[in-house]
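A.B. asks: A structural model of the following input is requested.
(6 chains)
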There are 6 protein chains.
Amino acid sequence: MFLHDKHLQFEAKPVKPDPLMAKRVQELIGGQYGEMSVAMQYLFQGWGVRKGNEQYKDLLLDIGAEELGHIEMLATMVGRLLDGTSIEHQEAAMKDPATAAILSGMNPQHAIVAGMNARPADSVGNPWNGSYIISSGNLLADFRANLNAESQGRTQAVRIYEMTDDPGLKDMLAVLIARDSYHQNLWLQAIAELEEAEGKITPGSFDRKLEREDIAFSLYNHSASSEESAEGSWAKGKTPAGDGKFKYESKVHVEGAIPELENPHPSLHSTKPKK
Amino acid sequence: MFLHDKHLQFEAKPVKPDPLMAKRVQELIGGQYGEMSVAMQYLFQGWGVRKGNEQYKDLLLDIGAEELGHIEMLATMVGRLLDGTSIEHQEAAMKDPATAAILSGMNPQHAIVAGMNARPADSVGNPWNGSYIISSGNLLADFRANLNAESQGRTQAVRIYEMTDDPGLKDMLAVLIARDSYHQNLWLQAIAELEEAEGKITPGSFDRKLEREDIAFSLYNHSASSEESAEGSWAKGKTPAGDGKFKYESKVHVEGAIPELENPHPSLHSTKPKK
Amino acid sequence: MFLHDKHLQFEAKPVKPDPLMAKRVQELIGGQYGEMSVAMQYLFQGWGVRKGNEQYKDLLLDIGAEELGHIEMLATMVGRLLDGTSIEHQEAAMKDPATAAILSGMNPQHAIVAGMNARPADSVGNPWNGSYIISSGNLLADFRANLNAESQGRTQAVRIYEMTDDPGLKDMLAVLIARDSYHQNLWLQAIAELEEAEGKITPGSFDRKLEREDIAFSLYNHSASSEESAEGSWAKGKTPAGDGKFKYESKVHVEGAIPELENPHPSLHSTKPKK
Amino acid sequence: MFLHDKHLQFEAKPVKPDPLMAKRVQELIGGQYGEMSVAMQYLFQGWGVRKGNEQYKDLLLDIGAEELGHIEMLATMVGRLLDGTSIEHQEAAMKDPATAAILSGMNPQHAIVAGMNARPADSVGNPWNGSYIISSGNLLADFRANLNAESQGRTQAVRIYEMTDDPGLKDMLAVLIARDSYHQNLWLQAIAELEEAEGKITPGSFDRKLEREDIAFSLYNHSASSEESAEGSWAKGKTPAGDGKFKYESKVHVEGAIPELENPHPSLHSTKPKK
Amino acid sequence: MFLHDKHLQFEAKPVKPDPLMAKRVQELIGGQYGEMSVAMQYLFQGWGVRKGNEQYKDLLLDIGAEELGHIEMLATMVGRLLDGTSIEHQEAAMKDPATAAILSGMNPQHAIVAGMNARPADSVGNPWNGSYIISSGNLLADFRANLNAESQGRTQAVRIYEMTDDPGLKDMLAVLIARDSYHQNLWLQAIAELEEAEGKITPGSFDRKLEREDIAFSLYNHSASSEESAEGSWAKGKTPAGDGKFKYESKVHVEGAIPELENPHPSLHSTKPKK
Amino acid sequence: MFLHDKHLQFEAKPVKPDPLMAKRVQELIGGQYGEMSVAMQYLFQGWGVRKGNEQYKDLLLDIGAEELGHIEMLATMVGRLLDGTSIEHQEAAMKDPATAAILSGMNPQHAIVAGMNARPADSVGNPWNGSYIISSGNLLADFRANLNAESQGRTQAVRIYEMTDDPGLKDMLAVLIARDSYHQNLWLQAIAELEEAEGKITPGSFDRKLEREDIAFSLYNHSASSEESAEGSWAKGKTPAGDGKFKYESKVHVEGAIPELENPHPSLHSTKPKK
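C.D. replies: Predicted coordinates:
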């Protein structure tokens, strides 16, 4: 169950309107790694946690609820970045080159569809999509997804921070960037704990003897013209999981035949064999 | 530039047809974490690597090319799992309950659209989508995405391995699972190397003083009714990044006001203020 | 800002597992009119409410937060409907026709992707999509969207109620259906209030003289073979908005010419005129 | 069966080209509430109307056919707004700031993909999508969807009307806005008729005793910090449906327990319980 | 402008209900090559035809209007294939294996969302999408798209014809298949006419000297292990366009260097060069 | 199995950066007819070729592998077109109108998401989608799809060629355009070969007597106001397939009745018959 507090957790006030920044900030709301993604990812993961892992469940729901508040802060920011933008008399306005550049570059849906409010979409207008998130029931796999999301999210927030000179927008981004720092630390910590319990190769419960262990340590050189990767730390020495030794194979190991597939039943009306 | 070798890298021959397994195996081809995703993710990352990081570029292109071959193995497997499946006289066939269950459960597009071949789609028929992948130019962030992809992918392959008794399908999955093991080790290693160089909080090049460091170490308790997460290793002690100490705040820190947004220009024809 | 309470607002316990009902119940989570849609729609609308309409804002955030809890109840229900479902030895299992029908019909992503948990997707597996929702800044338009969403949502919940005999699932649906009843009443009331203030044709602030009022009251008969619609209450008499009288035109009013478009610049390399 | 008349129903001639307006006008063609949506929504609803409701069927097919003609008018308008736009020598053209703003803001697919014609997409380029429409078989629910669509559509058309000074474009929009006025009146009327027959809570055929009537009239206060919504007309007094009295509950009614989900079968390889 | 005639152009009456066939027939309505695709493709192409090509415009609008009627026939067919399907008491029904197979395999959205009517979606439930269609302004290119659409569409209709024994469904498919035959002949003819006028390489208006003609006739052998394609008629002899002679190059011609990309500005916070 | 050679097949070096061209060039990477589409289409088709058609398989895999290299060339080009673009201090930069136009028009995801690299998306930002491609198992149908793809692709490349004055970009496009010329010739040739073997109406294996041959040669005039199409070569004379004679019917042939659909079971809670 969820409760709402009308206070923003942190302030979201730009010094002045900027419809182009409003467009860019949308990436942090409804992009692949925006706040809608982390909120929904943590909540779905949390709702799926099973008996005996209540601590992880609580953690996921804590952070999921926090991220809902981040969508709110960003939506408020976008609304204010669009404040005061008028859509009237664009023909006249287009005569001023500076205004023209802003009008031609702003997201038309901010005006036409949303009445100068945020959209559940990214910076080029793709609507947010459930396929951005993952909740697999395997928490080590999922916490790695979470670490990735916070790493990508912080990178994007930092890039937007560099784009703006607005102190109000910078202040809010400084908050989001700091929280992404914490969340990276958090998932690093939770990952370490699970790796300790289950091993570094996930899922750890699968009997390694059932996989083809003879090919589980080799880097195959699929490059005809170069072997830079051969010198990497992933090509020799002990593996991080401690389960074996890396190998480099400069010629790809091939076992399979050239495949021949049977012709399908005539009722499929596929192409008949030429010979 | 790419070259093709008509040999499958590893064999892909089921012992007998099974249209339901063909449907499920599609997840490994065109799902969020299927082979199309890892192939395209590694290639786009590789193409974007900049001067001075040739080793990472070579690595990404090696593995990207390998994954293209995995799509091929899986597509061949799906074609063979569908071999011998007839679509004729389904009305008669539906009288046998075992056949009926298979016919009603198989992916209709395997027959109608693809003529008993694989589709660039997942196990419920969603077409593969470019928004499944990431290539950010920040390799630490991206290698974490890669580790996640291999972790999710191996979990899914393992689950499908458990579903089948077909020794041919099991053999091919044992190959894919082993390669996912190697790829997890590989990205763990490459991540460790980059964390060593740039720190664990990514992007490491952003001046930490610009973020709100005072709020960069706290877990906020957003749960009204429980505090299990307070006892976690992410709530006290040194952070994995070594940049500070975790804190737990049982009451959420709030700084923001209740937001009031200005009314937009009348040309937007939004709702007027009630009072 | 959001807070979470770990108690479900209402209970979500089926009497026994049922993977087929789990698949169907997904429509209420991630379908076009599922709880993700109403939650996100109300929250985005609420965040966009401007100064002077705080009462509507509070209302939208109240209901938006409630709907987040409904996703949670449904996700919990799906997890439990999948409990005890094993994916092992499906070949053997498929020999029992009743089991075969369930296995062939269940959503494969419930097992392979989500580990027997809910997905942010609908009953055929389409991921939830931001384009399902609307927040236009015009509250009369948006409340009509909300009334529609609750009408469609209740219809879908009622249909699923009819499909199941499980008393636990029926109990939870009886809760959701009741809340949809309240929400229909609620939006009917709020709509009446706004129609009172702004008129029934939205947006009410647009000067009617600027539209082509001479064609604003006619039903054009676009059907060559029948005129049943001519007898409807929408074809004669006073309009509900009280702005005029309905007219029926059995022959479509046509003003336009046959359009001729200029040939584009040769740099487009479009087809040249034949004559 | 459909017939086409090459005359546009109403004229669609801008006074001069304007690629930026062409981009914006796309929202009315292929947006969530564009003419493709209403055309397809009315047609699918019409095709699904069952015996005894021929009048509604005729109405839906009349309006559906009319909306097909609106797509045509808008597509013609977009073609003409793009007429005369050249794509050559953009480097030179970019030296003039006014031209530069137009070139940088125009939809690149108008030139590259469509050869200066309309696209089946919205103003930011998202292709039209079948999930924009609804046809449920419950006409009261669907007519509410239709009323919403006409309300959103008119709001968007009005906003675009405000953006342009082109008398030809304004004339065509004045037609579309007038038709949206009629269509709002029409659906209001048809809704009133169905509400009269079936009650205001849809579907009216579901036995109200089966839902949890004790919770069907309450507004729950999910806001920790404010109670503005308590004073609304939806929080006290008789409901619009006449089925009871509104209640306000300042503390959310909670019945559910903290959920515990069983651990899934080991074959899923999900995370094991920590304790 | 469009007019509707309530008569179906051809009959659409199955002998008996069949929810599984209803699911499959959806491919012909809302699939990539379903009737929604051809209808919208022909209409958008028709609306975009420019002055001097009125004959093609008329043709496209004739066929586009015809295809709208095909959607209608198929939607009616789906409604009838679902007629008499009850959703009640599924638990009891699942005890009969034949019924169980049907219930588990039917499209749940047919019942839950559409009330036993057609959906604007394909046979696995993906909603129809504007990106299925093309209208480029180059009619030779577009007529090739049309020929492809009719070829794929006829193949799919033929496959569904093979799946059913229902004489009513077979009759309607025999109509659609015959029309697809005509439409293939039609586009073959129109293509021949345009190839006559503009040449076979489209767009024919592009000065061939501007392209790299030295590499415009070679098949490069990208296969490391086989050269079957070398013997094809596309590898030697005169080209069909009559513009040169085919060549086969058993070793891929390579001109490019190994690319080195400059490091982006530090404000992007991408990975720094390792060396 | 695939191998990679780090050399670009052809050079991809613009003379200077141009973020707007980078946005447009994306259409050739991840658009409906971009290189991702042709690469994946040829590979899926190739993997699905059955025994006896090895020559077509080899051909498809040759060209598929070639197209993978084209994605690479284009991705490299986009990276370089973005080189040197800084995102800092945009507020200051916006004061120069020429820079402002570029900044407002560039794809924000190039900076924020991809760190100045290519995206798997089109020129307006839609991610590449598996539904762009077809592999039906019927090679005549599929080769027509391929001919269409190369025709659309060449048209788009030519249009972009016209937009730029950059000699480096023009050089690379001159390569792609030449290859599209070859590929059109190639598919024309392969199509002719298959038409020779199977006839021009595909699938040729379907017994023509089973279709409604009486309606397989007529163009129906669906236009109320014009008959230009009656004079076309598709309306009289021998068909290209040589299977009959074209007919023109100025009045549409109608066989069907006005459909009446039965009312669904009450458990669907659809609208009851009015009369």
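A.B. asks: going forward, measure contacts and count neighbours with C-alpha atoms only.
C.D. replies: OK.
A.B. asks: the host helix or strand of residue A:64 near chain D anywhere?
C.D. replies: Assigned by DSSP states H and E, residue A:64 belongs to helix A:54-82. No: Helix A:54-82 stays out of contact with chain D when judged by Cα under 8 Å from any Cα of the partner chain, the minimum separation being 8.7 Å.
A.B. asks: which elements pack onto that helix?
C.D. replies: Where contact means 3 or more Cα pairs under 8 Å, 6 or more residues apart in numbering or on different chains; DSSP states H and E, helix A:54-82 is packed against helix A:19-30, helix A:35-47, strand B:218-220, strand C:2-4, helix C:35-48.
A.B. asks: which among those is found nearest to residue B:206?
C.D. replies: Of all the helices and strands packed on helix A:54-82, it is helix A:19-30 that lies closest to residue B:206, at 17.7 Å by Cα to Cα.
A.B. asks: anything in the closest one near chain F?
C.D. replies: Yes: contact of helix A:19-30 with chain F (Cα under 8 Å from any Cα) involves A:20, A:24, A:27.
A.B. asks: between those, which is closest to residue C:190?
C.D. replies: residue A:27 (33.0 Å).
A.B. asks: check that closest one and give its pLDDT.
C.D. replies: With respect to pLDDT, residue A:27 scores 98.
A.B. asks: nearest to chain E: which residue in the stretch 51-200 of chain A?
C.D. replies: Residue nearest to chain E within the stretch 51-200 of chain A (Cα to the nearest Cα): residue A:159, separated by 5.7 Å.
A.B. asks: just the pLDDT at that residue, thanks.
C.D. replies: We have a pLDDT of 97 for residue A:159.
A.B. asks: same question for residue A:96.
C.D. replies: On the pLDDT scale, residue A:96 gets 87.
A.B. asks: for burial, what's the neighbour tally of it?
C.D. replies: When neighbours are defined as other Cα atoms under 10 Å in any protein chain shown, residue A:96 has 13 of them.
A.B. asks: which ones are touching it?
C.D. replies: By Cα atoms under 8 Å, 6 or more residues apart in numbering or on different chains, the residues touching residue A:96 are residue D:98.
A.B. asks: what are the phi and psi values at it?
C.D. replies: phi -90, psi 120 (degrees, to the nearest 10).
A.B. asks: quick one: it from residue F:94, how far?
C.D. replies: 13 Å (Cα to Cα, to the nearest Å).
A.B. asks: again with residue A:113
C.D. replies: 26 Å.
A.B. asks: go on, residue A:163?
C.D. replies: To residue F:94, residue A:163 is 11 Å away according to Cα to Cα.
A.B. asks: who has more neighbours, those two?
C.D. replies: Each of residue A:163 and residue F:94 has its neighbours counted (other Cα under 10 Å); residue A:163 has more, 22 against 19.
A.B. asks: residues in contact with the nearest residue to that one once chain neighbours are set aside?
C.D. replies: With sequence-adjacent residues excluded and distances taken as Cα to Cα, 6 or more residues apart in numbering or on different chains, residue A:163 is closest to residue F:88, at 4.8 Å. Counting by Cα under 8 Å, 6+ apart, residue F:88 touches A:162-164, E:267.
A.B. asks: give me the phi and psi for residue F:88.
C.D. replies: Dihedral angles (degrees, to the nearest 10) for residue F:88: phi -70, psi 150.
A.B. asks: okay, now residue A:260: neighbour count?
C.D. replies: Neighbour count for residue A:260, taken as other Cα under 10 Å: 16.
A.B. asks: gap between the most centrally placed residue in chain A and chain B?
C.D. replies: Taking Cα atoms, centre = their mean, the centroid of chain A lies closest to residue A:33, which sits 3.2 Å from it. Noted for residue A:33: a distance of 10 Å to chain B, by Cα to the nearest Cα, to the nearest Å.
A.B. asks: hang on, that residue packs against residue A:151?
C.D. replies: No: with contact defined as Cα atoms under 8 Å, residue A:33 does not reach residue A:151; the gap is 9.2 Å.
A.B. asks: chain E contacts on the stretch 51-200 of chain A?
C.D. replies: By the rule Cα under 8 Å from any Cα, the part of the stretch 51-200 of chain A lying against chain E is A:155, A:158-159, A:162.
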